[in-house]
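**Q** predicted model follows, preceded by the sequence.
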Amino acid sequence: MKYLDEYRDGDAARRIARAIASITARPWTLMEICGGQTHSIVRFGIDELLPPEITLVHGPGCPVCVTPLELIEKAILLASRPDVTFCSFGDMLRVPGRDRDLLAVKAAGGDVRIVYSPLDAVKIAVENPDRQVVFFAVGFETTAPANAMAVYQAHRQGLSNFSMLVSHVTVPPAIEAILSSPDNQVQGFLAAGHVCAIMGYTEYEPIAKKYAVPIVVTGFEPVDLLQGIYRCVRQLEEGRCEVENAYGRSVTRPGNVTAQRVMREVFEVTDRKCRGIGEIPQSGLGLRGQYAVYDAEVRFGLSDVSLDEPSECISGIILQGLKKPFDCPAFGTACTPEHPLGATMVSSEGACAAYYRYRSPHHVQSVA
Amino acid sequence: MTMSDALRFDFTCPIPIAEYPRVLLAHGGGGRLMQQLIGRMFKKGFDGLGLQADVDAAEVVINGGRLAFTTDSFVVHPLRFPGGDIGSLAVYGTVNDLATSGARPLCISTSFIIEEGLPMETLWEIVLSIREAALEADVRIVTGDTKVVDRGKGDGLFINTAGIGLITHDRMIGPAAIEPGDVVLLNGDLGRHGIAIMAAREGLQFETEIESDAAPLNGLVQALIDADVPLHCVRDLTRGGLASALNEIAAASGKGIHVDERQVPVREDVRGACEILGFDPLYVANEGRMVFFVPEDAADRALEILSSQEQGRGACRIGVVRDADAGRVTLTSTIGATRILDMLSGEQLPRIC
């Protein structure tokens, strides 16, 4: 694989970090949208290279973390049914529902399978016509096209035993929700490079203008992230608020038009609850009328499951960038990867998981 | 506690308190959950019976002779994968466990738990593979057992082994022997076995086929012992990978281990596959990789000896033992920052995007 070593090069990273320090005159708070970016920052220690004026806060872009508790509970109910083969990305299996997770359902005899692509779930449905195969379709715009394609394929093949539990959310409304909050501290955004690879970045342009905030499309490797930070800080210092693309090797302004077409064919914009932030109007994707027959909530009559988030978990505040994992009294005590209170502690993109795995409150950071 | 007291304990003690009412797959993943299971179930249940739970091979003294004794089970799916199969894996895994105590492997047993319906041809191929691996590792196969279970009750074939080795050196090789200043050596690139299995199991295709690193490593250990290199600790890096092995050693020794990520060899194709799957190669399984803890003044000689053998061609220094960060593993990242290298909770699960 190319494009890895050169973007993890220590000399290049330090060079950009010095450039950031040289243009930084005032304190700035930036938010990286995606949990993958958060993990890169903590795993490589990117924040340690930054001048003290720059604060990075971690955004809501973790598909596992924003999936509402009631959807997790619906997944658990479905996976527990003897007639259902429940397919999911691996990352969702550890997220706690009301009293257990999908791994526990599997251990108790539920037919829960990890798949790498939603199309694998379609294949399982074709091969097992006597089973109801349900795919847990979570995530932002990154996973939406492949999930849309799975429904599209199922429809074309006339599959009556395939359905999806849909919990798709989109990034721009989440950014607007954060910026509209009276407690907002974020002055600039690092937009998620892979989301923009699908969607392009035209939809961020009105947000940058309306809220006077720079948004820089940013990748995931150390050099990518530092370049994104550099361009965001430069805008802030120069008093600009534009959308810039610092991830040109993957992202174009219009994005992947073919992927967008398949998304629009299958999904429509709906109101959606976002774990931690709450109900955001027009923030999610749901199946369009002609594909509603593939909606697992409809097929299995699951519409009225309702649950409150556990009160001791502050993941909602963390997902809005208002607090960091170490600010949570339960972090590392009542809440650990073995006994998580919230999804942010178990997801491979969750901020709490990143801090637990790569840092500890007693660990003194140092740059070699 | 006498033996009879220890046995009576089984009848009086309630089931150890566990937060999980059922065993999860993650309890076998080589991470913290497995440590908890072993600690709360097996260490507790077998207390007073001589269990040496923190080593890959137990040392048993019989009539003054020191023997290494180990057992292992192989449940790999698919049975054949690029670079090996369940048969060669069973031999290498057992031999490598014995070698971690510095023992010369003598003989092993193989028990076959076969699922009804397994093609005879497949079984024969695996038997021949075991034979070849045993010849390669210079170990005898002296006994075995055969069971057949109903279709659906096994995954084609499970193999259980036991192994006995002879300890001829007079050192104590294990976590307790490591000292601040020790150098950590590794015999080659990481992660190929785990990715090869994953790719074969899930039908994932990469630009080049990634072959398992499965190999017998007793020759490496024996060469170091023959050359009188003062080996402090040896560990093979199987489930849970380098990170879990180092965490176990750090915890058992109470010393800090510091690794420089820039020195840890991972092949480009493995790194690429890990990026796609969302895995960290430091946690991915290996079946032909070991870490060796040796004093600084013996490190160059040890590296030379390792590098002169086929299984040690890629040998390199990856870290040091320190007093600081006692019981922990720390890591200098590729861009030069320092962080914790923690043990995983359960298994690495593929990420979403």
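**A** Cool, the structure landed.

**Q** please make it C-alpha for all contacts and neighbour counts, starting now.
**A** Noted.

**Q** scan chain A for its longest helix.
**A** Secondary structure of chain A read by DSSP state H shows that its longest helix is helix A:222-238.

**Q** for that helix, packing partners?
**A** helix A:10-23, strand A:28-34, helix A:35-44, strand A:188-192, strand A:215-218 (3 or more CA pairs under 8 Å, 6 or more residues apart in numbering or on different chains; DSSP states H and E).

**Q** need the ones you listed in JSON lines with distance to chain B, can you?
**A** Below are these laid out as JSON lines (distance: least, CA to the nearest CA, whole Å):
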{"stretch": "helix A:10-23", "distance to chain B": "4"}
{"stretch": "strand A:28-34", "distance to chain B": "10"}
{"stretch": "helix A:35-44", "distance to chain B": "5"}
{"stretch": "strand A:188-192", "distance to chain B": "11"}
{"stretch": "strand A:215-218", "distance to chain B": "15"}
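
**Q** so which of the ones you listed is the most surrounded?
**A** Sort the helices and strands packed on helix A:222-238 by mean neighbour count, taking mean count of other CA atoms under 10 Å in any protein chain shown, and strand A:215-218 sits at the top with a mean of 31.

**Q** get me the contact residues on the stretch 201-350 of chain B for chain A.
**A** B:268-269, B:271-272, B:332-345, B:349-350 (CA under 8 Å from any CA of the partner chain).

**Q** okay, and which of these map to strands?
**A** B:332, B:338-340 (DSSP state E).

**Q** may I see those organised as TSV, with neighbour count added?
**A** Shown next, in TSV, are these (neighbours: other CA atoms under 10 Å in any protein chain shown):
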residue	neighbour count
B:Thr332	23
B:Thr338	27
B:Arg339	25
B:Ile340	24
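
**Q** count of residues packed around A:Arg264?
**A** 17 (other CA atoms under 10 Å in any protein chain shown).

**Q** what about it, which SS state?
**A** Of the three states, A:Arg264 takes helix according to DSSP: H, G, I helix; E, B strand; the rest coil.

**Q** how close does it sit to B:Pro180?
**A** Distance check for A:Arg264 against B:Pro180: by CA to CA, to the nearest Å, it reads 61 Å.

**Q** and for A:Met345?
**A** A:Met345 is 33 Å from B:Pro180, by CA to CA.

**Q** more neighbours: these two, which one.
**A** A:Met345 (29 against 15).

**Q** mind listing what that one touches?
**A** A:335-337, A:351-354, A:356 (CA atoms under 8 Å, 6 or more residues apart in numbering or on different chains).

**Q** mind running it again at 6 Å?
**A** Contacts for A:Met345 (CA atoms under 6 Å, 6 or more residues apart in numbering or on different chains) come out as A:337, A:352-353.

**Q** got it, and B:Arg317?
**A** For B:Arg317, counting by CA under 6 Å, 6+ apart, the contacting residues are B:184-185.

**Q** cool, A:Pro118 as well?
**A** Counting by CA under 6 Å, 6+ apart, A:Pro118 has contacts A:147, A:150.

**Q** mind redoing it with 8 Å?
**A** A:135, A:137, A:146-147, A:150.

**Q** give me the pLDDT for the closest residue to chain B within the stretch 101-250 of chain A.
**A** Residue nearest to chain B within the stretch 101-250 of chain A (CA to the nearest CA): A:Ala107, separated by 5.7 Å. For A:Ala107, the pLDDT comes out at 92.

**Q** list the contacts of it.
**A** B:22-25.

**Q** closest to B:Thr71 out of the residues you listed?
**A** B:Leu25 (20.3 Å; CA to CA).

**Q** circling back to that earlier point, restricted to buried residues, select the residues of the stretch 201-350 of chain B next to chain A in ChimeraX.
**A** Remark: buried members of those, expressed as a ChimeraX selection using 16 or more other CA atoms under 10 Å in any protein chain shown:
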select /B:269,271,272,332,333,334,335,336,337,338,339,340,341,342,343,344,345,349,350
